[in-house]
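A.B. asks: have a look at this prediction, sequence included:
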Amino acid sequence: MSERWVPLDVEDTDVSPFVQFRRWFDEAAVEMREREAIALVTASRDARPSARMVLLRYVGDDGFGWYSNYSSRKGRELEENSHAALLWYCEPLGRQIRIEGPVRHMDATASDAYFASRPRGHQIGAHASAQSSVLASRVQLENRLARLDEEFSGLEVPRPENWGGFLLTPTYFEFWQHRRDRLHDRVVYQPARNGWRRERLAP
């Protein structure tokens, strides 16, 4: 092959964008330290965007999920404007995947199960941090943490009511493969009557 990156054409992709995502996600497992890191972009009611990194904790045929505080900035923005975008980037393989769609809360059962699987320190931290609110100092947070650690001593830590899963249901995918001279390969998926329509975009 004359260049480092593997070419991508429409015919190279699976008819299902979910299968294609898993294919690239699996290939990245040995290339990346934090394969689950994705950028999440939300927007307020008046269309002011904000972005942050979150960890992708659920990949299924119904969408892509992560967990967080519902009262955080992203949580509040998703209440105002339920549409969001995800960006997954794999630098070693020169790939990125863009995903867009509406977001809803996961059901309580899924959120409870994931919360129960977290390390105890993470569980107590979810109670201690009023995410995105103003803190007078780090000491204020550490004092809350110590108080809660004592309160939950010898007990299972329950999931906070304002903490749980978000699920994005895709309406758009773009698979981007780096190529020489910035002539990148881009294949997009959009919903069609019988599945998904695949097209190539100009770089």
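C.D. replies: All right, it came through fine.
A.B. asks: for the longest helix anywhere in the chain, the distance to its chain's centre please.
C.D. replies: Longest helix in the chain by number of residues (criterion: DSSP state H): helix 138-151. Computed by C-alpha atoms, centre = their mean, to the nearest Å, the chain-centroid distance of helix 138-151 equals 29 Å.
A.B. asks: before we move on, what about stretch 21-38?
C.D. replies: The mean C-alpha position of stretch 21-38 is separated from the chain mean by 13 Å, C-alpha atoms, centre = their mean.
A.B. asks: name the residues of that stretch that are buried.
C.D. replies: 21, 24, 25, 28, 35, 38 (16 or more other C-beta atoms under 10 Å). The C-beta positions use only the backbone N, C-alpha and C, and glycine is treated the same way.
A.B. asks: just the ones of the residues you listed in strands?
C.D. replies: residue 38 (DSSP state E).
A.B. asks: between the buried residues of stretch 21-38, which is closest to residue 199?
C.D. replies: Checking these against residue 199 with C-beta to C-beta, the nearest one is residue 21 at 17.1 Å.
A.B. asks: spatially central residue for this protein, please.
C.D. replies: Nearest to the geometric centre of the chain sits residue 56, at 4.3 Å (C-alpha atoms, centre = their mean).
A.B. asks: if we can go back for a sec, for the buried residues of stretch 21-38, which one is nearest residue 137?
C.D. replies: residue 38 (31.1 Å).
A.B. asks: tell me what the lengthiest strand in the chain is packed against?
C.D. replies: In terms of residue count, the longest strand belonging to the chain (DSSP E) is strand 95-105. If contacts are counted by 3 or more C-beta pairs under 8 Å, 6 or more residues apart in numbering; DSSP states H and E, strand 95-105 sits against helix 17-27, strand 83-90, strand 163-168, strand 172-177.
A.B. asks: pLDDT weak spots in the protein?
C.D. replies: 1-2 (pLDDT under 70).
A.B. asks: switch the cut-off to 50
C.D. replies: Residues of the chain that meet the criterion pLDDT under 50 lie in 1.
A.B. asks: determine the number of other residues adjacent to the closest residue to residue 186 other than its chain neighbours.
C.D. replies: Of all residues not flanking residue 186 in the chain, residue 201 sits nearest, at 4.1 Å (C-beta to C-beta, 6 or more residues apart in numbering). Residues lying near residue 201 (other C-beta atoms under 10 Å) number 11.
A.B. asks: and residue 131, by the same measure?
C.D. replies: 16.
A.B. asks: could you look up the SS state of it?
C.D. replies: What DSSP: H, G, I helix; E, B strand; the rest coil gives for residue 131 is coil.
A.B. asks: I'd say it and residue 70 touch.
C.D. replies: No: using C-beta atoms under 8 Å, residue 131 makes no contact with residue 70, being 9.2 Å away.
A.B. asks: make sure residue 112 is indeed in a helix.
C.D. replies: Yes: checked against three-state DSSP, residue 112 lies within a helix.
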